[in-house]
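Colleague: sequence first, predicted model second:
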Amino acid sequence: MNTSKKPFLSSLGQDRFFWAIVGALLVAFLLLQRRTALPLVASLVGLLTAVTIHEFAHAWAADRLGDPTARLMGRLTLNPLAHLDPLGTVMMVITVFTGMGIGWGKPVPVSPWRLKYGSRLGNGLVALAGPISNLALAALVALLLRAMAPWAPAGVIIFGQAIVMTNVVIAFFNLLPIPPLDGASVLIGLLSLSRGRWAWQISQFFSQMAAYGPMVLIGLILLSQFMGLSILGWLIGVPSRWVYGLLLGGS
């Protein structure tokens with residue numbers, strides 16, 4: 001139906017030309033790399049799926065807790081185009097093709113003072129919804145893969161494994177307690193349950209750290225990738241491989 005095309009095209013917004021260029025470059029690259037195209041596409045699909053479900057979960061949790069901001073801005077949807085950030089998408093592509101870097105989606109707008117259970121705990125629950133949704137999707141796809149393993153084509157297995165692994169990695173990465181990652185908001189939310197002065201002091205530290213969080217994160221990425229200090233590999237890779245093996249039986 002023609003009516004179905006309008007929401008899709010309108011979701012491209014003013015970035016249609018940008019997405020057309022990215023799509024053309026992606027197709028050209030894959031044509032040049034035909035032998036490895038399937039794993040690359042599978043990894044890219046895994047990233048897009050993980051980012052989409054992650055941001056949708058934030059919007060859904062915020063709406064359920066009393067803040068309709070994300071819903072009113074069209075973010076309560078599973079349409080990937082509503083959640084993709086242009087620069088973040090380019091970084092996803094670079095990450096898939098080079099094995100280095102990081103991608104991201106558009107942050108979901110949240111008004112913490114509107115949330116139930118208070119701004120800190122409420123915001124912590126909204127933040128937690130993202131990683132939980134990634135782990136839930138990974139578990140669901142893993143169950144389907146286990147059921148289809150005896151007869152599924154190799155291509156389906158490759159795509160499924162990529163979705164499982166990517167969602168697990170995205171979940172653990174976002175649980176790092178470094179602003180602006182979800183883990184910082186989750187930690188502040190947990191600390192709000194305590195009336196101790198120590199909890200308040202730690203919360204204040206993380207709140208003040210918000211301005212420096214991106215630099216700390218970039219520093220960890222650079223140390224992990226260029227200086228041989230596998231900090232992120234230990235913090236993210238170890239639990240991700242364990243959960244991946246648990247879900248798929250070590251496959």
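Modeller: That came in fine, so what should we check first?
Colleague: nearest to the spatial middle of the protein, which residue is it?
Modeller: Geometric centre of the chain, nearest residue: residue 51, 3.9 Å, by CA atoms, centre = their mean.
Colleague: wait, it sits on residue 83?
Modeller: Yes: counting by CB atoms under 8 Å, residue 51 does reach residue 83; the two are 6.1 Å apart. For glycine as for every other residue, the C-beta is placed from the backbone atoms N, C-alpha and C.
Colleague: check what pLDDT the residue nearest to the centre of the chain gets.
Modeller: We have a pLDDT of 91 for residue 51.
Colleague: which strands and helices lie in contact with the longest helix along the chain?
Modeller: Determined from DSSP state H, the single longest helix within the chain is helix 119-148. Counting contacts by 3 or more CB pairs under 8 Å, 6 or more residues apart in numbering; DSSP states H and E, helix 119-148 is packed against helix 37-64, helix 154-174, helix 182-191, helix 238-248.
Colleague: what residues of it count as buried?
Modeller: 119-135, 137-139, 141-142, 145 (16 or more other CB atoms under 10 Å).
Colleague: then stretch 186-198?
Modeller: Within stretch 186-198, the residues scored as buried using 16+ other CB under 10 Å are 186, 187, 188, 189, 190, 191, 192.
Colleague: which one is the fifth one nearest to, not counting chain neighbours?
Modeller: This points to residue 190. Nearest residue to residue 190, sequence neighbours excluded (CB to CB, 6 or more residues apart in numbering): residue 124, at 6.5 Å.
Colleague: re the thing from before, how big is the angle separating the longest helix of the chain from helix 238-248?
Modeller: 40 degrees (axes from the mean of the first three to the mean of the last three CA atoms, to 10 degrees).
Colleague: chain center to helix 119-148: distance?
Modeller: 10 Å (CA atoms, centre = their mean, to the nearest Å).
Colleague: same thing with stretch 141-157?
Modeller: That offset, for stretch 141-157, works out to 23 Å (CA atoms, centre = their mean).
Colleague: neighbours around residue 180, how many?
Modeller: Number of residues near residue 180 (other CB atoms under 10 Å) recorded here: 14.
Colleague: how close does the nearest residue to it once chain neighbours are set aside get to residue 182?
Modeller: Leaving aside its chain neighbours, residue 180 sits nearest to residue 213 (5.7 Å; criterion: CB to CB, 6+ apart). The gap separating residue 213 from residue 182 is 12 Å, by CB to CB, to the nearest Å.
Colleague: neighbour-wise, which of those two wins?
Modeller: Per other CB under 10 Å, whichever of residue 213 and residue 182 has more neighbours is residue 182, with 26 against 17.
Colleague: separation between the more buried one and residue 56?
Modeller: Computed as CB to CB, the residue 182 to residue 56 distance reads 14 Å.
Colleague: what helix or strand does residue 108 sit in?
Modeller: Assigned by DSSP states H and E, residue 108 belongs to no helix or strand.
Colleague: got phi/psi on it?
Modeller: phi -80, psi 130 (degrees, to the nearest 10).
Colleague: list the residues that contact residue 58.
Modeller: Contacts of residue 58 were listed using CB atoms under 8 Å, 6 or more residues apart in numbering, and they are 70, 75, 108, 110, 126, 127, 129, 130.
Colleague: now it. Nearest residue, chain neighbours left out?
Modeller: Of all residues not flanking residue 58 in the chain, residue 108 sits nearest, at 4.0 Å (CB to CB, 6+ apart).
Colleague: could you list the low-pLDDT ranges of the chain?
Modeller: For the chain, applying pLDDT under 70 flags the ranges 1-37, 91, 93-103, 224-230, 250-251.
Colleague: overlap in contacts of residue 51 and residue 83?
Modeller: Jointly contacting residue 51 and residue 83 under the rule CB under 8 Å, 6+ apart are residue 105.
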